[in-house]
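# Following is a predicted model, sequence given first.
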Amino acid sequence: MLTFSVLALAMILGYVDALPAERRAGTSCDLAGARLHVPANQTQLVAPTYAPSFIGMSIGTQNYSCNATTSTYTLIGALAEIFDSSCLYGTPAFKSAPTVAYDKWTATTNLTVQEIIATLRLTSDPSVLGQHYYVPNPVGSGLSPKWDFTSSGVTAGDPNAYVIGAKIGDLPSSDPNDIDDLMVKAVEGDLASEVFRVQTNGGQPPTKCEAGSWNITVKYTAQYWFF
């Protein structure tokens, strides 16, 4: 079970409670003025010049298996809940929330994700946008990332509210423990044409493994921008 900390919730909720009531109304706050800023002096990530449809914060795991030939871990998927963090945009909590969540997510086993869903109020109910996991590549071989908003939030009930993507940009983090920032284009689904993963925390596996090692899960948090 994915778990979280009461202290982390209290810290994030403290930021949210300080927001004006009109910014917290609805399931997703106004993002008309939101713009994604990516690091300068790089070409891997190219931020759109227009506003996103959604901004979410993920809490979950990156999943790996041991490649017996190279004795290194290979990504085989992910499993995460994506919470609506649109109402945090423009507040001090916007950038710090993934780090606060990660610090507590890795330090406790007090709460399940289901309890987080019931408690975390980044917006009014429901505060969950959807889920992130991997599926068979619909246009080739291997696995592809999927963001599935078909059963949560303002898009619940829409069978096309998902996106399966292909990576087109990859910017390694300065911290070796954090997974890369990504730019992903849609290959299937109507949820978004592009998805960006930024503000990553954790998710990287150990550098080496032994043949026959069990599959592992590594906790992570991140921000996802959907355009």
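Cool, got the structure.
# For Arg35, give me its contacts.
Ala47, Thr49, Ala51 (CB atoms under 8 Å, 6 or more residues apart in numbering). C-beta coordinates here come from the backbone N, C-alpha and C atoms, glycine included.
# Is it possible to get CSV of those that adds pLDDT and distance to Gly77?
Shown next, in CSV, are the contacts of Arg35 (pLDDT from 0 to 100; distance: CB to CB, whole Å):
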residue, pLDDT, distance to Gly77
Ala47, 97, 27
Thr49, 97, 32
Ala51, 97, 30
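# from those residues, which would you call buried?
Buried by 16 or more other CB atoms under 10 Å: Ala47, Ala51, out of the contacts of Arg35.
# Show me where this protein has its strands.
Assignment of strands within the chain using DSSP state E yields the ranges 3-4, 54-67, 72-84, 111-112, 128-136, 143-148, 162-171, 181-188, 194-202, 216-226.
# Looking at those, which is nearest to Lys95?
Closest to Lys95 of these is strand 194-202 (CB to CB; 6.4 Å).
# Could you check the angle the closest one makes with strand 128-136?
Taking axes from the mean of the first three to the mean of the last three CA atoms, to 10 degrees, one finds strand 194-202 and strand 128-136 inclined to each other by 100 degrees.
# which strands and helices sit next to strand 194-202?
With contacts taken as 3 or more CB pairs under 8 Å, 6 or more residues apart in numbering; DSSP states H and E, strand 194-202 sits against helix 93-105, strand 181-188, strand 216-226.
# related to what we said a few turns ago, could I get the contacts of Arg35 as JSON lines with distance to Ser71?
Compiled in JSON lines, the contacts of Arg35 are given as follows (distance: CB to CB, whole Å):
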{"residue": "Ala47", "distance to Ser71": "37"}
{"residue": "Thr49", "distance to Ser71": "44"}
{"residue": "Ala51", "distance to Ser71": "45"}
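# about what we covered before: can you tell me which of the helices and strands packed on strand 194-202 is most buried?
Compared across those, strand 216-226 shows the largest average neighbour count, a mean of 22 (mean count of other CB atoms under 10 Å).
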